[in-house]
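Trainee: Need coordinates for the below:
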Amino acid sequence: MTGWLTRILVTGIAVFLAISIVPGIEVQSWSAGLAAVLVLTILNALVRPILYVMSLPLILLTFGLFMVIINAVLLELVAYLVKGFIVTGLWPAMLGSLVISIVTTILTAMTSTQIYSARLDDRHERRPPRIIN
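Mentor: The predicted structure follows:
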């Protein structure tokens, strides 16, 4: 459960940062922004891995740049599904997906190392080495 909440929080920070930075991505209300965050989180968890596997040859051929296009299409899909979340075209969607991807990657790396190291400290107590003769 903590993983989902962390993922929603990280995606929320990234989406609202993209809204404030990228011209062409707008939100009409906080509830529309929150709905966009939830829908994007669900799409990223369920649909994006399938799209990545289906387009793996294109991703390899473009050295990973096609992933930005997939993320832009998902952002446009969120704009289609959530009333009040507006993406005005392909270029704002691509720039917004780039901002969201970078921020999400950085924040996920920061939170996952903290969570992982805390779990390791809880599981493994330091014991003196055992000498076998």
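Trainee: Moving C-terminal from the host helix or strand of residue 73, which element do we reach first?
Mentor: Assigned by DSSP states H and E, residue 73 belongs to helix 66-81. Proceeding N to C from helix 66-81, the next assigned helix or strand is strand 85-87, under DSSP H and E.
Trainee: Which positions in that following strand come out as buried?
Mentor: For strand 85-87, burial by neighbour count (16 or more other Cβ atoms under 10 Å) applies to 85-87. All C-beta atoms are positioned from the backbone trio N, CA, C, and that covers glycine.
Trainee: cool, and stretch 16-29?
Mentor: 16-19, 22, 25-27.
Trainee: Next: stretch 42-61.
Mentor: Going by neighbour count (16+ other Cβ under 10 Å), the buried part of stretch 42-61 is 43-44, 48, 51, 55, 59.
Trainee: residue ranges for the helices of this protein, please.
Mentor: For the chain, the helices defined by DSSP state H cover 2-21, 30-46, 48-54, 56-61, 66-81, 90-123.
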